[in-house]
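Visitor: Need the 3D shape of this:
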Amino acid sequence: MDEASTAPRLFQRGIAGVRAMVDVGVERGVPVQACLGGSGVDRSVLADDAAHVRAWQELMVAQNLVRATGDAPGLGLEAGSRIPLRTYSVWGFALLASPTLREAAAVGLRYLELTFAMVGICLQEDGNEVHLVLDDGFVPQPVRRFFVERELANIRTILDTILGRPFIPLRLDLRFPRPQKSAPYEALANAPIAFGAPRNAIVTSAAVLEQSLPQADRRTMQVCERECSLLLARRADGGFAARVRELLMQLPDGFPDMGIAAAALHVSTRTLHRRLALEGTSYRRLVDGARHARAVEMLSTLGLGVDQIAVRLGYADAAAFIRAFRRWTGATPGAYRTSVPSRPY
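Guide: Got it, this is the predicted structure:
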């Protein structure tokens, strides 16, 4: 069985993922405001377990943390190990109550949007082996290793909890090169690690999937799964315009054409065009709005020059960007920068 990777869709998520990253940053000497800079997340909500953020906000916090710490190997492992299964509420209960690990995996992947996953995840069976594949192609390059690490540590925490004992894989495959200090990875896996592999995967025996889980209760699992479905519907953005905005704000540089955006949202280009028209907007208008928001953010927090911003936003030259910015704000980028104080880092 070879399933396509499940992409993390662009729904709201709990605050625990951001809180874990901020905690790691503070322990490494990064101020809270530096971790949150540009994300729109107020530090006052970090202690509120009921608070929610959007995927792009969590991505921004990760970028801040990685930049501030010099992309230290193992950073994501620290963050992922701080997200216990109880953080996931009903999704976690559904996994705990599953009769077998196979059924837990099926439920977990079916409602992956209720987790903090930024990478795509799928389960692939190959003879006597099972590969839980982590597809980092959905994540911007600067934070790919971080989110792969975070997911690996979190998955290990989840498996240990639902199995009631330490989970030991056959091996761990990682796409990135072996770092100088590989001890954190070896401690996590307690198994052979193949660095520089074609893909990221936790590899185990196929027989492991059939193991019974100690807290199995099929009725409870079914009740929790129904609750997962309802919760997912409540968290989802109601319209396609909101989903497109979320997609555009996640991207670090440039903007995809409409066909690529439609594929990322699992619809045809014609369907995306029709749905946006019904909501009174268009893909071109949404890209224009995203460019406006990104330009303001870059001018306010990153200190980039006009030429650099123009390139990042996909304009042919600085003059085209300046004309667009004047249309949005009534001011040139230079005048706007001097009128708005930079956000503290």
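Visitor: Distance-wise, check residue 332 relative to residue 320.
Guide: Taking CB to CB, to the nearest Å as the measure, residue 332 falls 13 Å from residue 320. Using the backbone N, CA and C atoms, a C-beta is placed for each residue, glycine as well.
Visitor: Likewise for residue 259?
Guide: 23 Å.
Visitor: hang on, residue 39 packs against residue 60?
Guide: Yes. Assessed by CB atoms under 8 Å, residue 39 is found in contact with residue 60 at 4.0 Å.
Visitor: Outline the domain layout of the chain.
Guide: The record's domain parsing of the chain by automatic domain parsing lists 13-231, 240-339.
Visitor: Is it possible to get JSON lines of the ones you listed that adds mean neighbour count and mean pLDDT?
Guide: Shown next, in JSON lines, are the domains of the chain (neighbours: other CB atoms under 10 Å; pLDDT from 0 to 100):
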{"stretch": "domain 13-231", "mean neighbour count": "18", "mean pLDDT": "93"}
{"stretch": "domain 240-339", "mean neighbour count": "16", "mean pLDDT": "82"}
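Visitor: From the contact counts, what lies against the helix or strand that contains residue 295?
Guide: Following DSSP states H and E, one finds residue 295 within helix 283-297. With contacts defined as 3 or more CB pairs under 8 Å, 6 or more residues apart in numbering; DSSP states H and E, the packing partners of helix 283-297 are helix 240-250, helix 269-278, helix 318-329.
Visitor: With distance to residue 219 as added columns, please give those helices in JSON lines.
Guide: Shown next, in JSON lines, are those (distance: least, CB to CB, whole Å):
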{"stretch": "helix 240-250", "distance to residue 219": "34"}
{"stretch": "helix 269-278", "distance to residue 219": "38"}
{"stretch": "helix 318-329", "distance to residue 219": "55"}
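Visitor: Compare the ones you listed and give me the one nearest residue 203.
Guide: helix 240-250 (29.1 Å; CB to CB).
Visitor: heading toward the C-terminus, what's the first helix or strand past that closest one?
Guide: helix 258-264.
Visitor: Any chance of the backbone angles for residue 281?
Guide: Per-residue torsions, residue 281: phi -140, psi -170 (degrees, to the nearest 10).
Visitor: That one: what's it in contact with?
Guide: By CB atoms under 8 Å, 6 or more residues apart in numbering, the contact list for residue 281 reads residue 241.
Visitor: what's the spacing between it and residue 46?
Guide: In terms of CB to CB, residue 281 sits 33 Å off from residue 46.
Visitor: And for residue 36?
Guide: 8 Å.
Visitor: likewise residue 299?
Guide: With CB to CB as the criterion, residue 299 and residue 46 are 27 Å apart.
Visitor: swap in residue 152?
Guide: Taking CB to CB as the measure, residue 152 and residue 46 are separated by 24 Å.
Visitor: Can you pull up the most central residue in the chain?
Guide: residue 118 (2.2 Å; CA atoms, centre = their mean).
Visitor: and it, that's in a helix?
Guide: No. Membership of residue 118 in a helix is not supported by DSSP: H, G, I helix; E, B strand; the rest coil, which gives coil.
Visitor: is it true that it touches residue 59?
Guide: Yes. Counting by CB under 8 Å, residue 59 is a contact partner of residue 118 at 6.9 Å.
Visitor: Residues that sit against both of the two, list them.
Guide: Joint contacts of residue 118 and residue 59 (CB under 8 Å, 6+ apart) are 139, 143.
Visitor: and residue 30, what does it touch?
Guide: By CB under 8 Å, 6+ apart, residue 30 lies in contact with 64, 65, 68, 69.
Visitor: Those in helices, which ones?
Guide: 64, 65, 68, 69 (DSSP state H).
Visitor: Correct me if wrong: the first one contacts residue 39.
Guide: In this case it means residue 64. Yes. Counting by CB under 8 Å, residue 64 touches residue 39, with 7.4 Å between them.
Visitor: The stretch 101-250 of the chain: strands as residue ranges?
Guide: For the stretch 101-250 of the chain, the strands defined by DSSP state E, counting those that start in this stretch occupy 120-126, 129-135, 171-174, 193-195, 200-205.
Visitor: Show me how far the biggest helix by length in the chain is from its chain's centre.
Guide: Longest helix in the chain by number of residues (criterion: DSSP H): helix 144-163. Its chain's C-alpha centre and that of helix 144-163 lie 13 Å apart, by CA atoms, centre = their mean, to the nearest Å.
Visitor: what angle do that helix and strand 129-135 make?
Guide: Counting by axes from the mean of the first three to the mean of the last three CA atoms, to 10 degrees, helix 144-163 lies at 140 degrees to strand 129-135.
Visitor: Let me know the angle separating helix 144-163 from strand 200-205.
Guide: Using the same axes, to 10 degrees: helix 144-163 against strand 200-205 is 30 degrees.
Visitor: tell me what helix 144-163 is packed against?
Guide: Helix 144-163 is packed against helix 55-69, helix 75-80, helix 90-97, helix 101-110, strand 129-135, helix 183-189, strand 200-205, with contacts defined by 3+ CB pairs under 8 Å, 6+ apart.
Visitor: Good, wrapping up.
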